[in-house]
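Trainee: Show me how the following folds:
(3 chains)
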Amino acid sequence: MRISKSAKVVLASITSLILTVIYLPLLIVFLNSFNSSVNMDWPPSSFTLIWWQKAFSSTGLIDALSTSLLVAACSTIVALVLGTLLAMALSRYKFYGKNSVSLMIILPIALPGIVTGIALNNAFRTMLGFQLGLATVILAHATFCIVTVYNNALARLNRMGKNMEEASADLGAGIFTTFRLVTLPQLVSALVAGGLLAFGLSFDEIIVTTFTAGGGVQTLPIWILDNMFRPGKAPIVNVVAVFMVIVSIIPIYFAQKLTSKETKN
Amino acid sequence: MRISATVKLLAVGSVALLALSGCSSSSSTNTTKLQSLGTNEKTVSLLGWPGYAEDGSNDPNTDWVTPFETATGCQVTFKPYGTSDEAISLFKTGDYDAIAASGDATLRLIASGDVQPLNTDLIPNYAGVYDFLKNRDWNTVNGLTYGVPHGYGANLLMYNTDVVKPAPTSWNVVFDSASKYKGKVTAYDSPIYIADAALYLMKHNPELNITNPYALDETQLAAAVTLLKAQRQNVGEYWSDYLKSIQSFTTGNTVVGTTWQVIKNSLPATAHTKAILPSEGATGWSDSWMVASKAKSPNCAYAWLNYIDSPQANAAATEYFGEAPATADACKYASKDFCATYNAGDLNFEKQIWYWTTPVANCLDGRTDVKCTDYAAWTKAWQDIKG
Amino acid sequence: MALNSGAKVGSEEIRPTFAHRISTVLYSKPKLRLRLLLSAPVIWLGLVYIAALLALLITAFYTVDSFTGNLQPGFALTNFISLFTDSLYSAVTLRTIGIAVGVTIIDVLLALPIAFFMAKIASPKLRGVLVISILMPLWASYLVKAYAWRSVLSNVGIFAWLLRPIGLDTPGYSLSGAGITLGYLWLPYVILPIYSSLEKVPNNLLEASSDLGSKTWGTIRRIVFPLILPGIVAGSIFSFSLTLGDYITINIVGGANQMLGNLVYTNVGVANNLPMAAAIALVPVIIMFGYLTAVRKTGALDNL
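Mentor: Residues are numbered from 1 along each chain as shown, chains lettered A, B, ... in the order given. Next up, the predicted model:
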């Protein structure tokens, strides 16, 4: 299929139009982070740095940010372990109930967050007798993060095939050694991509978090919501958003670099 | 107070805890109060609405907790909650010494024996609290005081002076003649808003015999629902958080509806709005600080109750939140026009407020020949109204 | 690489360690290996998540004692009877499905050209930049973006400013406003799976097809579309399910309207009626199960 020049131009302009629309609200967020009006009146009549200053001196914000990073990191780690195990099992073995297992992995992300939220809330408290807290949020987040790791790892394992692993075994390597030296190195970039998506999902999640965190745990999205209800605090949340977008470039860039390096190889 | 849909998000972790573990309804009301205070413990654990105990962690300049800690030696831990339901379930864990509760939670906490009656002689600053906030339905049972007031406020009528003409004096503008501003009317997004309609009917439809907007039998509720369903046709959006309300009055998406004084104050002058107390009166709220029956630090809890009603602290806390203070002396420490703006201590104003109280089956207006509709019925009705 | 690691493997395997012995046992017992691989994740998902869902299903048959607020276990159909007979629930369900379908269609239509451009036209360098630009907005909080749309859609916002001169107007805070905002929020989740499935379509397959005389559109319809269908379906699962359960965006930009999520939320959070909330929550569960079953054959479930 040769794509005609005009088709290319049309597609390029659609792409840039969509990107413009994607970034337009973010531009508003950016400008609002300097908006001197506490209600983010639009268009801004004057600009100020006070929200940035306030954001960096707010220990509540810094605590919420570290809680969110902790939750996202822990649930990503759990998801990495469980997702990899599942991908290994489903790519390398045939067994009864395989379809049910794969459906089970997808459910937490395919069902609306409010369903997952109230189901887990009910289960944690009444079936398991847990006190809602940081641990229950991590459990809940890991549950819906497994699928992103699993799918990335599964695709990679299927593409890799079994040859290399079999060769390693033929050369006398045990299964742990084979995993460590043969399977894992090839999986890394898939795991990074899956893990990054899992981290992002967890970091911005609010609905499931609301139902599993109780009153004590303040993740960043919950802190943001809380600040919408404090007098004259709303513009700080714009600072947080701008800051997060800028900071997110770093992990995304490295993940991207890692993946593209592999595609070249 | 503020049973707002979005604030609730902060919270819901709790939701059914009340139903499952909390409601051992058989437990009896606690009627023994402390006779004397001892030395302060080292810590005190508080539960309240966001913004009720600020320690400077959100804004270094907003801090009335640290001076308390320095003065009393009681180290404060504060947990904010999002809904009254969440507050109750958190409080029942026994981890808290004191709670700031709204009128829809206080009676439940008193009935279940989770809070103790207060010996107000041990709270010197209680003397300074406005008399009209003392011994009310939501803080006093059988002559025993269970809570000291934090502050109070009314749900006012706000309108855009450029659009809404002539200037309204009645809630009529959001009910019977709301169609004039179709799509630009707003209302508070909570079942408790049904009381606003009931208050309107109380004044305009005497044949319904409504004497308390929180005590509605089936027929009275049905009348309120009909009124609100008609209003729904003209509502542009319901509001629950005040940023949303402020923004839509600023942009002109909304021109008339209920509001809080703090919202009116936050609006830029360019928005041309005015907030009034209409002729029918208005609904409102008053929150109370209460002490747990099994408080681990009762002395520190009493110290906090006394502190929050001290003029300086009460001024700081209520001005930060945007509500009238509970004590007259707070006005001396607040900004210049604060008390006038919020009509603090204005008896004429206060008399017209129907403070939020949870509707229960045993009619709050004393009727015994009929069952009243409870909050669950109001919630279902509210969903039907929104459709 | 294969040779390298192979050599290393050989040298390390000489010492018989404890791990080595386990490894030997496991090597000879593939079933045991499978069980060990599966046990942790299946316990996690099955005993925590699936059990939680089943418990929720059972709770839907309970009732709440209106006096004490306690749950009354039992087998009452009252919640389901009101779910089916009360016109409130059917109206809200239809409205919610309508928005979810609309959002999904718009997102897929927008995602296709941009994903195609990224995968097949853009240079590798530009492709990297584009992937980053699609991913980055995901890090600006969902709430912050929804509030930004509140500003865009307002009476004096950018939409009104752009559209009024050409005789149109902003949709304002309404169902369409909510639809636009939700479509915006979920767009990256739809672009990414479509992009990755397009990336897997080999270029030479397209060229071969056109060498055999297929027109561009014919190639797209007969060769490309079947190959990327799983990606499209995977993306649609995201946008459909995320819209189905939303109750925050509709509050911020949806005017006076409510969706299924709001009903569930109010029953749990305000009315303290978990059984009714559970019964309502089963509606999106059933819809999603139906959808998943229907699309299962496409292989989309491996593309999420």
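Trainee: what about stretch B:308-326 and chain A, touching?
Mentor: Yes - Stretch B:308-326 lies within reach of chain A by Cβ under 8 Å from any Cβ of the partner chain, at B:Y320, B:F321, B:G322. Using the backbone N, CA and C atoms, a C-beta is placed for each residue, glycine as well.
Trainee: what about the last one, neighbour count?
Mentor: Using other Cβ atoms under 10 Å in any protein chain shown, B:G322 has 22 neighbouring residues.
Trainee: Identify the residues contacting it.
Mentor: Contacts for B:G322 were tallied using Cβ atoms under 8 Å, 6 or more residues apart in numbering or on different chains; they are A:P231, B:G153, B:W260, B:Q261, B:V262, B:I263, B:N265, B:Y342.
Trainee: Could I get the pLDDT score of it?
Mentor: The predicted local distance difference test score for B:G322 is 85.
Trainee: if I look at it, how far off is A:A64?
Mentor: When distances are taken as Cβ to Cβ, to the nearest Å, B:G322 and A:A64 turn out to be 23 Å apart.
Trainee: Geometric centre of chain A: which residue is closest?
Mentor: Nearest to the mean C-alpha position of chain A, counting by Cα atoms, centre = their mean, stands A:G200 at 2.1 Å.
Trainee: Tell me the residues of chain A that contact chain B?
Mentor: Contact residues of chain A with respect to chain B, defined by Cβ under 8 Å from any Cβ, are listed as A:37-42, A:54, A:57-61, A:63, A:117-118, A:121-122, A:125-126, A:131-132, A:206, A:210-216, A:222, A:225-234.
Trainee: Of the residues you listed, which ones also sit close to chain C?
Mentor: Of the entries in these, the ones placed beside chain C under the rule of Cβ under 8 Å from any Cβ are A:M40, A:W42, A:I118, A:N122, A:T126, A:I206, A:L225, A:M228.
Trainee: Narrow those residues to just the buried residues.
Mentor: Burial of those was assessed by neighbour count (16 or more other Cβ atoms under 10 Å in any protein chain shown); the buried members are A:M40, A:W42, A:I118, A:N122, A:T126, A:I206, A:L225, A:M228.
Trainee: taking these one by one, which sit in helices?
Mentor: Helix and strand membership here follows DSSP state H; of those, those in helices are A:I118, A:N122, A:L225.
Trainee: circling back: any chance of the contacts of B:G322 in TSV, plus neighbour count?
Mentor: Rendered in TSV, the data for the contacts of B:G322 read as follows (neighbours: other Cβ atoms under 10 Å in any protein chain shown):
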residue	neighbour count
A:P231	18
B:G153	25
B:W260	25
B:Q261	19
B:V262	19
B:I263	23
B:N265	15
B:Y342	26
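Trainee: so what pLDDT did the nearest residue to the residue nearest to the centre of chain A once chain neighbours are set aside get?
Mentor: Sequence neighbours aside, C:L138 is the residue nearest to A:G200 in space, at 5.5 Å (criterion: Cβ to Cβ, 6 or more residues apart in numbering or on different chains). According to the model's per-residue confidence, C:L138 sits at a pLDDT of 84.
Trainee: right, and C:L138 touches C:L187 too?
Mentor: No - when contacts are counted by Cβ atoms under 8 Å, C:L138 is not listed as touching C:L187 (10.0 Å).
Trainee: more crowded one of these two?
Mentor: With other Cβ under 10 Å as the criterion, C:L138 and C:L187 differ in neighbour count, and C:L187 comes out ahead with 26 against 23.
Trainee: Which single residue of the stretch 101-250 of chain C ends up nearest chain B?
Mentor: Using Cβ to the nearest Cβ, the point where the stretch 101-250 of chain C gets nearest to chain B is C:S154, with a distance of 4.0 Å.
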